[in-house]
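*Asks:* What follows is a predicted structure for the sequence shown.
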Amino acid sequence: MAKAYDHLFKLLLIGDSGVGKTCLIIRFAEDNFNNTYISTIGIDFKIRTVDIEGKKIKLQVWDTAGQERFKTITTAYYRGAMGIILVYDITDEKSFENIQNWMKSIKENASAGVERLLLGNKCDMEAKRKVQKEQADKLAREHGIRFFETSAKSSMNVDEAFSSLARDILLKSGGRRSGNSNKSSSTDLKTCDKKNTNKCSLG
Ligand SMILES: Nc1nc2c(ncn2[C@@H]2O[C@H](COP(=O)(O)OP(=O)(O)OP(=O)(O)O)[C@@H](O)[C@H]2O)c(=O)[nH]1
């Protein structure tokens with residue numbers, strides 16, 4: 001039987017409430033978008049397998065609640081992540097200012113070698129833009145990380161962003177096998193019940 005995947009990478013999305021973390025994951029894993037806003041309770045994940053450099057990479061993408069009251073639960077998941085995506089909303093200046101706090105939170109809670117990526121989401125809303133691309137470019141350069149402007153609504157740069165992070169993790173791991181092949185189908189899509197989030201774990 002052909003093996004389902006070569007590597008398993010665990011990714012985590014963080015950022016203020018309402019910046020579009022859940023929508024980015026739904027766009028990436030299901031190629032779907034919904035305008036309705038249901039704030040994430042605690043933590044949730046979805047899976048998609050992608051081909052990178054001839055390898056099948058299974059991405060387990062964890063969605064965290066942006067609300068402060070879930071901080072204790074969500075920071076507990078940082079340690080198991082190989083890549084962390086920091087998301088702000090280009091129409092919300094405060095969400096961009098808070099990226100510094102989210103960076104600090106990574107420093108305090110994540111593994112030392114974790115790969116990071118900065119995303120400015122909702123770039124379809126150009127007329128309401130408050131954060132200039134140059135500001136975010138500068139911040140990303142200061143932290144030595146990649147930066148994309150994305151739109152979960154239009155799909156702009158969503159696949160590119162996730163693939164670029166996966167590629168960086170793959171290169172960093174030197175192609176070492178991580179994760180157990182044959183365990184799950186590459187088309188497998190799992191999601192935890194938003195109301196039943198305690199069942200999920202990032203091992
Ligand atoms: N125009 C536009 N709206 C978006 C985009 N992404 C998300 N939204 C909207 O922004 C709102 C919040 O999106 P969510 O994905 O739930 O935000 P979140 O960051 O997961 O929020 P929390 O779960 O509270 O942390 C929803 O109404 C979405 O429809 C985007 O790319 N463009």
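*Replies:* Received, thanks.

*Asks:* Report whether the worst-scoring helix or strand of the chain on mean pLDDT contacts the ligand.
*Replies:* For the chain, using mean pLDDT, DSSP states H and E, the weakest element among its helices and strands is helix 71-75, scoring a mean of 92. No. Applying C-beta under 6 Å from any ligand atom, one finds helix 71-75 separated from the ligand by no less than 9.2 Å. Bear in mind the C-beta positions are built from the backbone N, C-alpha and C, glycine included.

*Asks:* Alpha carbons of the top helix by length along the chain, as CSV, please.
*Replies:* Secondary structure of the chain read by DSSP state H shows that its longest helix is helix 158-173. Provided in CSV are the C-alpha atoms of helix 158-173 (Å, rounded to 0.1, in the frame of the first residue of the first chain):
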residue,chain,number,x,y,z
VAL,A,158,-3.6,31.5,1.2
ASP,A,159,-2.1,28.3,-0.3
GLU,A,160,1.1,30.2,-1.0
ALA,A,161,1.4,31.2,2.7
PHE,A,162,0.8,27.7,4.1
SER,A,163,3.1,26.1,1.5
SER,A,164,5.9,28.5,2.2
LEU,A,165,5.8,27.8,5.9
ALA,A,166,5.7,24.1,5.3
ARG,A,167,8.6,24.4,2.9
ASP,A,168,10.7,26.3,5.4
ILE,A,169,10.0,23.6,8.1
LEU,A,170,10.9,20.9,5.6
LEU,A,171,14.2,22.6,4.7
LYS,A,172,15.0,23.1,8.3
SER,A,173,14.3,19.5,9.2
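
*Asks:* hmm, back to that, what packs against the least confident helix or strand of the chain?
*Replies:* When contacts are defined as 3 or more C-beta pairs under 8 Å, 6 or more residues apart in numbering; DSSP states H and E, helix 71-75 sits against helix 99-109.
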